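S.K.: Build me a model from this:
(one chain, ligands or ions: 1)
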Amino acid sequence: MLRSCTAGLRSIWALRGRREGAPRLSMDLQPARRLFSTEKVIHKDWALPNPSWSKDLKLLFDQFMKKCEDGSWERLPSYKRTSTQESEDFKTYFLDPKLVEEERLSQAQLFTRGFEDGLGFEYVIFKNNDEKRTVCLFQGGPYLQGVPGLLHGGAMATMIDIALGSCTGGAVMTANLNINFKRPVPLCSVVVINSQLDKLEGRKLFLSCNVRSVDEKTLYSEATGLFIKLDPEKSST
Ligand SMILES: CCCCCCCCCCCCCC(=O)SCCNC(=O)CCNC(=O)[C@H](O)C(C)(C)COP(=O)(O)OP(=O)(O)OC[C@H]1O[C@@H](n2cnc3c(N)ncnc32)[C@H](O)[C@@H]1OP(=O)(O)O
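M.R.: Okay, here's the model as predicted:
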């Protein structure tokens, strides 16, 4: 498995720079070109296949895209930066100008989308609004290693958090995340995270998910989460 990972890495490096929108900005670029490239990266939807995706991931992606045709499922786009509206929603609660400099903030990006293609988090989320559930297809790349050859539990927790959060919609924060790691996930393999909204109680959203192998035979993890809808009357800072 490690050998296939290395081979994957080699082809990933070979692809670097050729991919449209690859986030590679060298310091010697002219300012205008740098701005143009940055814009392209910001607006790129990363929840789409790229050459690092394995056969399994592409196959599952195609199956879910078919399910989207009748409107029962939708693919959620994914960007490196939050939209202006989302930022505004959260700014109201959390952004104390004394704590985060504006310049630093302009560099901010979702950390799951900060890796070169194939090296970190490759994922796409599909949502079924009627059934209040999502399916996240996730391939954890070689830079997410914990124990040699295995995906780091923190990387799995991150994806679980994002998958559960995708069932909520709106401005929410994770208040509690409870994970049972049942089997280690092989690095570079594809897992399927099935998440659902179990209960809504005022501002509290209770969610759960399981993480399985593509053939559904292996249950890697089970988790529950409590998300809280932000109260417009309150500010955390
Ligand atoms: C627009 C969105 C777009 C997003 C785009 C980007 C996508 C990126 C996705 C990235 C994903 C990144 C995701 C991340 O990384 S989120 C980052 C990790 N999470 C945090 O940092 C959260 C820190 N905590 C807080 O800010 C506050 O505590 C929150 C906001 C959560 C609640 O503070 P608030 O002052 O608002 O509420 P409240 O205290 O009145 O409590 C309300 C109710 O909730 C109950 N309660 C609270 N906590 C717990 C608990 N731990 N267990 C059990 N119960 C709990 C509480 O008893 C009460 O119940 P009740 O008395 O009413 O019955």
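
S.K.: Please enumerate the helices of this structure.
M.R.: Using DSSP state H, the helices found in the chain span residues 2-15, 31-43, 55-67, 84-94, 102-106, 153-165.

S.K.: List, one by one, the residues from the chain near the ligand.
M.R.: By C-beta under 6 Å from any ligand atom, the residues of the chain that approach the ligand are 82, 86, 89, 110, 161-162, 165, 170-171, 173-176, 202-204, 226, 228, 230-231, 234, 236. All C-beta spots, glycine's among them, are computed from the backbone N, C-alpha and C.

S.K.: Let's see which of the residues you listed end up in strands.
M.R.: 173, 174, 175, 176, 204, 226, 228 (DSSP state E).

S.K.: which of the residues you listed count as buried?
M.R.: The neighbour-count criterion (16 or more other C-beta atoms under 10 Å) marks 174, 226, 228 among those as buried.

S.K.: Find the closest residue to the ligand in this structure.
M.R.: residue 175 (3.6 Å; C-beta to the nearest ligand atom).

S.K.: hmm, back to that, dump the buried ones among the ones in strands among the residues of the chain next to the ligand to CSV, plus pLDDT.
M.R.: Output for those, formatted as CSV (pLDDT from 0 to 100):
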residue, pLDDT
174, 98
226, 98
228, 97
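
S.K.: Can you tell me which of these is closest to residue 50?
M.R.: Distance ranking of those against residue 50, using C-beta to C-beta, places residue 174 first at 27.8 Å.

S.K.: Beta-bridge partners for the closest one, please?
M.R.: In this entry, residue 174 is beta-bridged to residue 227, by DSSP bridges.

S.K.: Make 843 the starting number, not 1.
M.R.: Okay, using 843 as the starting number, the last item reads as residue 1016.

S.K.: quick one, what contacts it?
M.R.: By C-beta atoms under 8 Å, 6 or more residues apart in numbering, residue 1016 lies in contact with 1003, 1006, 1007, 1067, 1068, 1069.

S.K.: which residues touch the residue lying closest to residue 964 once chain neighbours are set aside?
M.R.: Nearest residue to residue 964 in three dimensions, chain neighbours excluded: residue 981, at 4.3 Å (C-beta to C-beta, 6 or more residues apart in numbering). Residues near residue 981 by C-beta under 8 Å, 6+ apart: 894, 895, 896, 898, 899, 964, 965, 1030, 1031, 1032, 1033.

S.K.: Any idea what the last one is bridged to?
M.R.: Here residue 1033 sits in beta bridges with residue 980, residue 1055, going by DSSP bridges.

S.K.: who touches it in this structure?
M.R.: Residue 1033 neighbours (C-beta under 8 Å, 6+ apart): 980, 981, 982, 1027, 1053, 1054, 1055, 1056, 1062.

S.K.: which among the residues you listed gets closest to residue 890?
M.R.: Residue 890 has its nearest neighbour among these in residue 981, at 13.3 Å by C-beta to C-beta.

S.K.: Now do the closest one against residue 974, distance only.
M.R.: 25 Å (C-beta to C-beta, to the nearest Å).

S.K.: go on, residue 914?
M.R.: As judged by C-beta to C-beta, residue 914 and residue 974 stand 13 Å apart.

S.K.: Counting neighbours, go ahead and name the busier of these two.
M.R.: residue 974 (17 against 12; other C-beta atoms under 10 Å).

S.K.: Looks like the more buried one contacts residue 1038 (just checking).
M.R.: Yes. Contact criterion C-beta atoms under 8 Å: residue 974 and residue 1038 qualify, at 6.2 Å.

S.K.: Okay, now the unreliable bits of the chain?
M.R.: For the chain, the stretches with pLDDT under 70 are 843-884, 925-940, 1077-1079.
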